[in-house]
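**Student:** build me a structure from this.
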Amino acid sequence: MTSPIDRRAFPRIHAPLYSRPARMKVGEKKQVLDVSLGGARIYSDDPQDVGSRLDLELFLPDGSSVECTARIVWAIKLPKDAVARFEVGLSFIDVPEPVLERLKTVLVADET
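**Tutor:** The predicted structure follows:
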């Protein structure tokens with residue numbers, strides 16, 4: 001059986017990014033655990049339905065932010081003492097080209 005990591009089209013790396021649902025223009029930003037051009041693993045306090053879409057705002061290290069749409073691939077409930085209620089795996093499905101270019105610069109900078 002192939003593991004999920006083996007099926008990834010893009011390598012995941014740790015990058016200093018934060019996220020929150022795009023609809024929430026105020027509210028706590030949650031740490032992005034790892035990210036690639038194909039998706040991300042994030043923390044969330046809101047339950048997420050596998051297969052549903054999530055409009056996401058990603059906060060970049062320079063203080064700016066970008067928006068994209070992702071599909072929920074998996075979600076697991078975390079222990080009560082965790083930093084968030086859920087850990088969520090995302091696959092990016094609607095990422096404008098300018099957003100991809102911005103993400104590339106963050107990912108390249110973090111790899112060095």
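
**Student:** and the residue positioned nearest the centre of the chain, which of the three is it?
**Tutor:** Nearest to the mean C-alpha position of the chain, counting by CA atoms, centre = their mean, stands Ala40 at 3.5 Å. Secondary structure for Ala40, judged by DSSP: H, G, I helix; E, B strand; the rest coil, is strand.

**Student:** tell me the contacts of the spatially closest residue to Arg85 that is not a sequence neighbour?
**Tutor:** Once flanking residues are discounted, Arg85 sits nearest to Asp45: 4.8 Å by CB to CB, 6 or more residues apart in numbering. Backbone N, C-alpha and C define where each C-beta goes, glycine included. Contacts here follow CB atoms under 8 Å, 6 or more residues apart in numbering; on that basis Asp45 touches 28, 30, 84-86.

**Student:** of those, which is the most crowded?
**Tutor:** Counting neighbours by other CB atoms under 10 Å, Lys30 leads the contacts of Asp45 with 20 neighbours.

**Student:** could you give the bridge partners of it?
**Tutor:** Ser19 (DSSP bridges).

**Student:** the longest strand seen in the chain: which residues count as buried?
**Tutor:** The single longest strand within the chain, with elements called by DSSP state E, is strand 65-77. Buried residues in strand 65-77, counting neighbours by 16 or more other CB atoms under 10 Å, are found at 65-66, 68, 70-72, 75.

**Student:** between the residues you listed, which is nearest Ile93?
**Tutor:** Looking at those and their distance to Ile93, the nearest is Arg71, at 5.1 Å (CB to CB).

**Student:** contacts only, for the closest residue to Arg41 other than its chain neighbours.
**Tutor:** Closest residue to Arg41 in three dimensions, ignoring its sequence neighbours and counting by CB to CB, 6+ apart: Leu33, at 4.3 Å. Shown in contact with Leu33 (CB under 8 Å, 6+ apart): 14, 40-43, 87.
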